[in-house]
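Chemist: Mind looking at a prediction? Sequence and model below.
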There are 2 protein chains.
Amino acid sequence: MGYHAHMNVSAKPERTRLSAEDWEDAALRLIADQGVGALAVEALARQLGVTKGSFYWHFRTREALLQAALERWEQYGEREVIAQIEAMPDVRARLPELFRRVAHELAPHRVYAALLKALDHPQVVPVMARVSQRRMEFLTSIYREAGLAPEEALNRARLTYAAYVGFLQLNFTLGLPRISHEEFDAYVEHMIRTLTPA
Amino acid sequence: MGYHAHMNVSAKPERTRLSAEDWEDAALRLIADQGVGALAVEALARQLGVTKGSFYWHFRTREALLQAALERWEQYGEREVIAQIEAMPDVRARLPELFRRVAHELAPHRVYAALLKALDHPQVVPVMARVSQRRMEFLTSIYREAGLAPEEALNRARLTYAAYVGFLQLNFTLGLPRISHEEFDAYVEHMIRTLTPA
DNA sequence: TCGTTACCATACGCATGAGTATGGATTGCG
DNA sequence: CGCAATCCATACTCATGCGTATGGTAACGA
């Protein structure tokens, strides 16, 4: 994601000029594993091997970078999962598949988890509102396909999504009693049994 | 909660000297509605009508205040709910009652929600780990009383608690599509039906 | 009453991090 | 080649917020 295809004949990433997208990607990486609060321009610059002088050519302010990074994440972030699930022919199999997929590919959700902890920051609220809204609507539609009435489907989607969000917090943020791999799978299956309409 | 019973014969809280507990209470109030990141000594001092000079008499550092406030919250915070639920004679009625109670008394959970967003801060992690652990053990025991097998009870408790945590985030942090009062009650009842063993 | 202790104000030092000013280097293009 | 535009470094300013130093005032016991 993001490397402009220069690829000079040299082993290492080799000092090439940077673009705005490079900064946005770096910002998202930093957010993913240190949180929004750690987004400092000088720290980013060090990590990219340059100084502030570079940054302030590409962006007018720190806010601008955060904004751009958020929009970038909202677009290229995670449209794939929804598309893949919707491509499944067997409608009844979509729900369990969605659960298992999300449970086992946690890496793409690290940015979402980080932004969850930055909801006091005004810039992230609208982005998270939109993303969460879209996902919940998707979940609702799946529950409707599974045979629930409109009201039931909506409430079940709310419950499921809340469980998802809470799960993110209680795990790679808080490290609650390091659960084993088998035990985790058992948990996921329990969740599928409990939240999937009979 | 917290006010040492001087209560001089005066109408207003009237400029009396402050104690360490006063600072801790103020800190918890500030954390509850602005987050841990907003915990600054000079801001707190202004809010209490004094200056930093006062603060650094009671505490050695800002970290010390946060630590003391967290421990205070962990102790006096919320033992009551658990006690009240355990006092209920009808075992089968405990679970729905717990759900409804938590859903409608959101104020006491504001500190917990704020700390949830500060899990990158090393000081809050152990506290949140202990509190969350105790609560989940309580939930597990209730599910056992409701007739679930040990494994089932544990997993159901995990699921329920995750839903609780996620609910906190998606509401008074993110303000997801301002749900109406009746609709909220319907949601709570749906949750009870879904998460309570038949 | 007097002094000691507890509590608070004022005025600093010092580190961090955002933003600016300005000049140097590199690239693409005529 | 040579000149612009692009990209980056260096060296500042400025605001914020923690912590310290030190002196002042109110409370309380002897």
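Modeler: Received the coordinates, thanks. Bear in mind the structure is a predicted one, so any value in this text is a computation, not a measurement.
Chemist: Report the mean per-residue pLDDT for the helix or strand that contains residue A:139.
Modeler: Secondary structure assigned from DSSP states H and E places residue A:139 in helix A:124-145. On average, the pLDDT along helix A:124-145 is 95.
Chemist: Which residues does that helix contact?
Modeler: Identification of contacts with helix A:124-145 by Cβ atoms under 8 Å, 6 or more residues apart in numbering or on different chains yields A:36, A:70-71, A:73-74, A:77, A:82, A:85, A:91, A:94-95, A:98, A:112, A:115-116, A:118-119, A:150, A:152-154, A:156-158, A:160-161, A:197, B:170, B:174-177. In short, each C-beta sits where N, CA and C put it, glycine included.
Chemist: Remind me what the worst-scoring helix or strand of chain A on mean pLDDT packs against, helices and strands.
Modeler: Every helix and strand of chain A was ranked by mean pLDDT, DSSP states H and E. The lowest is helix A:80-86, at a mean of 81. Judged by 3 or more Cβ pairs under 8 Å, 6 or more residues apart in numbering or on different chains; DSSP states H and E, the packing partners of helix A:80-86 are helix A:94-104, helix A:124-145.
Chemist: Now the following helix or strand past the shortest one: average pLDDT?
Modeler: The reference is to helix A:94-104. Next helix or strand after helix A:94-104 toward the C-terminus (DSSP H and E): helix A:110-116. The average pLDDT within helix A:110-116 is 96.
Chemist: Am I right that residue A:121 is in contact with residue A:31?
Modeler: No. Shown here, residue A:121 and residue A:31 do not form a contact pair, counting by Cβ atoms under 8 Å, at 11.0 Å.
Chemist: got the residues of chain A near DNA strand D?
Modeler: A:17, A:18, A:19, A:45, A:49, A:50, A:51, A:52, A:53, A:54, A:57, A:58 (Cβ under 7 Å from any atom of the strand).
Chemist: What segments of chain A are helices?
Modeler: With DSSP state H as the criterion, chain A has helices at A:20-34, A:41-48, A:52-58, A:62-76, A:80-86, A:94-104, A:110-116, A:124-145, A:150-170, A:181-195.
Chemist: Which pLDDT value goes with the residue nearest to residue A:28 when sequence neighbours are not counted?
Modeler: Of all residues not flanking residue A:28 in the chain, residue A:69 sits nearest, at 5.3 Å (Cβ to Cβ, 6 or more residues apart in numbering or on different chains). Reported pLDDT at residue A:69 in the predicted model: 97.
Chemist: show me the contacts for residue A:69.
Modeler: A:24, A:27, A:28, A:31.
Chemist: how much space is there between the second one and residue A:124?
Modeler: So the one you mean is residue A:27. Applying Cβ to Cβ, to the nearest Å, the value for residue A:27 to residue A:124 is 13 Å.
Chemist: Please apply the same query to residue A:71.
Modeler: Counting by Cβ to Cβ, the gap from residue A:71 to residue A:124 is 11 Å.
Chemist: Looking at the two, which one has more neighbours?
Modeler: residue A:124 (21 against 13; other Cβ atoms under 10 Å in any protein chain shown).
Chemist: need the residues of chain A near DNA strand C, please.
Modeler: Neighbours of DNA strand C within chain A, by Cβ under 7 Å from any atom of the strand: A:17, A:39-43, A:52-53, A:56, A:60-63.
Chemist: What subset of those is buried?
Modeler: A:39, A:41 (16 or more other Cβ atoms under 10 Å in any protein chain shown).
Chemist: Break chain A down into its structural domains.
Modeler: A:20-74, A:78-195 (automatic domain parsing).
Chemist: Need the distance between the two termini of the shortest one.
Modeler: According to Cα to Cα, to the nearest Å, domain A:20-74 extends 17 Å from its N-terminal end residue to its C-terminal end residue.
Chemist: Distance from that domain to the middle of the chain?
Modeler: 17 Å (Cα atoms, centre = their mean, to the nearest Å).
Chemist: With the last one instead?
Modeler: Averaged C-alpha coordinates place domain A:78-195 at 11 Å from its chain's average position (Cα atoms, centre = their mean).
Chemist: Settle it for me: which of residue A:121 and residue A:31 has more neighbours?
Modeler: The neighbour count for residue A:121 versus residue A:31, taken as other Cβ under 10 Å, is higher for residue A:31 (23 against 17).
Chemist: Burial check on the closest residue to the more buried one other than its chain neighbours, number of neighbours?
Modeler: Nearest residue to residue A:31, sequence neighbours excluded (Cβ to Cβ, 6+ apart): residue A:114, at 5.1 Å. Residues lying near residue A:114 (other Cβ under 10 Å) number 24.
Chemist: Likewise for residue A:132?
Modeler: For residue A:132, the count of nearby residues is 20 (other Cβ under 10 Å).
Chemist: Give me the residue ranges of chain A where confidence is low.
Modeler: A:1-15, A:78, A:177 (pLDDT under 70).
Chemist: circling back to that earlier point, next, format the helices and strands packed on helix A:80-86 as a markdown table and append distance to residue B:143.
Modeler: Shown next, in a markdown table, are these (distance: least, Cβ to Cβ, whole Å):
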| stretch | distance to residue B:143 |
| --- | --- |
| helix A:94-104 | 21 |
| helix A:124-145 | 24 |
